[in-house]
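build the 3D model from these lines:
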Amino acid sequence: MAENYKHSSFKQLLEKLQEESWQLELIISGFAIYGLFVAFDPISITVKESQNEQQIYTFIISLVAMVSCAILIFNLLLHVILRGLWIGALGLRYVSGDIEYEKLKYSQKFTRYLRRKVGSFDKYIATLENYCSIIFAISFLLIFYVLAFTLIIIAIALIATFIIGNEELPGWLSQGFGITFMLFIIFGMILTFFDFITQGWLKKKQWISKIYFPVYWVFSILTLSFLYRPLVYNFLDNKFGKRLSFLLVPIYLVILIITSLNYRTSNYLDTDQSSSSIYANSQNYEDEIDQKDEFIRGVAIPSKVIKNNFLKIFIHYSENIESRVFDYNEGLKPEKDRRGLSTNIQFGTDWASLGTRDSLTREYIKTFNEIYRVEIDSVEFDNDFILAQGIRSDLGFETFVGIKELSEGKHMLNVSRKRIREEDTSWWRVANIPFWYYPD
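All right, here's what the predicted structure looks like:
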């Protein structure tokens, strides 16, 4: 079966399929565009959520998925537009045939110019066909390029974290091997990118190619290029495909710049800032977050206007909070840090550790309450934070403080935490949120 591609019947089948491939292209593009538009918003929300939760692994995966969706949406929409133009040109050719410049009765100057620049209508249709086929194929190739770049960045981060930054490894391994391996990856990335933009210049020189080959071999595995290498070289041996593939890169840069543009209406007023005595950010009020695709910015209260004689305060959990708890209570720091990727699959239950874990969790929350302080209008209030789930079922710490003694009107909630620098303890502001108290 593996040798079927050599048979003449298989080649005839391929030629027949490529003549009719435009139908499959349109069907796939239509379903793909619909699916990508449906998936784009949930993926972008996941990017914001993972960034807010400081979950680096989820953030990288969702960001790559969002970039891939954006590339595919742009390319496939462009493909559908050009393929529609191609179908329209075919229909016009059936009705009108080729361009007959003599019937236009233009002057000789314009006739010669149009013959040279516009040419045959059949050539125009063939050019559209080439553009459509290449754009459809390169759409999926670009996803592999994004994946390759991501894998290289992940490799650099893993080397820095688990080899160079690992204090448990001996120095010759963490520093000697780690730094050498890091330099190899960085210089290899530069050489591979240079070879890519020069269309294989390093492979063409005899003595340079011998030096570059080990780098090429390692990066072909690291970037998974062995999966899509035939597509790459098929593009490179075609001038038309090569020009188009390099033309798309500046187009993406222009689109990125255009989408990053925004119009400022003031030199001093801005909507993207933290809450303060002069600004109320919607990400600090639960009722406004619930109406938008937003997430809690550190600390949140129920609303800008508080009608009850108590105030609920929710502090969103992040891994940095646990690191601070460990700094203030080293007895809570486990021998093996379980944060990061893990599986829910368990073989048996460690009943003996459940009671110990419960007591350690209580100590954890006690330490948290010692670190954080709640003030309203510079007056400290007693707080007793416990574990709770936020409006989006996100984990955090929640407490209630009585405010019936407050006067009606505007007040400022200040949440701060202890900070130790060079044996000096100070209070670092976490959030400063304005609210208005008007009891029923």
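
my guess is S416 meets N432, correct?
No: the pair formed by S416 and N432 falls short of the contact definition of C-beta atoms under 8 Å, at 9.0 Å. (C-beta placed from N, C-alpha, C; glycine too.)

what's the following helix or strand after the helix or strand bottoming out on mean pLDDT in the chain?
Lowest by mean pLDDT, DSSP states H and E among the helices and strands of the chain is helix 8-19, with a mean of 64. Moving toward the C-terminus from helix 8-19, the first helix or strand encountered (DSSP states H and E) is helix 21-53.

so for that next one, what gets flagged as buried?
Buried residues in helix 21-53, counted by 16 or more other C-beta atoms under 10 Å: 22, 25-26, 29, 32-33, 36, 40, 43-44, 46-47, 49-50, 52-53.

state the mean pLDDT of the helix or strand S359 falls within.
Under the criterion of DSSP H and E, S359 resides in helix 351-371. Averaged across helix 351-371, pLDDT comes to 77.

who touches it?
Helix 351-371 has contacts (C-beta atoms under 8 Å, 6 or more residues apart in numbering) with 321, 324-325, 328-329, 331-332, 383-387, 397, 417-418.

picking that back up, of the buried residues of helix 21-53, which is the nearest to V374?
Compare each of the buried residues of helix 21-53 with V374 using C-beta to C-beta and the shortest gap goes to N52, at 21.9 Å.

touching, the closest one and I296? I think so.
Yes: counting by C-beta under 8 Å, I296 is a contact partner of N52 at 7.4 Å.

any shared contact partners between those two?
What both N52 and I296 touch, as defined by C-beta under 8 Å, 6+ apart, is the set H316.

please enumerate the strands of the stretch 201-350 of the chain.
299-300, 305-306, 310-316 (DSSP state E, counting those that start in this stretch).

secondary structure element for R419?
For R419, the enclosing helix or strand under DSSP H and E is strand 409-421.

the inter-axis angle of that strand versus helix 351-371?
110 degrees (axes from the mean of the first three to the mean of the last three C-alpha atoms, to 10 degrees).

can you name the element that comes right after strand 409-421?
Sequence-wise, the next helix or strand downstream of strand 409-421 (DSSP H and E) is strand 424-437.

who touches that next one?
So strand 424-437 is contacted by 274-277, 280, 284, 297-299, 301, 303-306, 311, 315, 372-373, 403, 406-420 (C-beta under 8 Å, 6+ apart).

roughly how far apart are N383 and S133?
Distance from N383 to S133, counting by C-beta to C-beta, to the nearest Å: 65 Å.

please name the bridge partners of N432.
Residues found in beta-bridge contact with N432 (criterion: DSSP bridges) are N414.

what's the nearest residue to the spatially most central residue of the chain if we skip its chain neighbours?
Ranked by distance to the mean C-alpha position of the chain (C-alpha atoms, centre = their mean), the top residue is L63 at 1.3 Å. The shortest distance from L63 to any non-neighbouring residue, by C-beta to C-beta, 6 or more residues apart in numbering, is to V47 (5.5 Å).

that neighbour is in contact with M66, isn't it?
Yes: distance between V47 and M66: 5.6 Å, which falls inside the contact criterion (C-beta under 8 Å).

which elements pack onto the strand holding R419?
Judged by 3 or more C-beta pairs under 8 Å, 6 or more residues apart in numbering; DSSP states H and E, strand 409-421 is in contact with strand 310-316, helix 319-328, helix 351-371, strand 372-376, strand 424-437.

roughly how far out does the first one sit from the chain middle?
For strand 310-316, the gap between its own C-alpha mean and the chain's C-alpha mean amounts to 31 Å (C-alpha atoms, centre = their mean, to the nearest Å).
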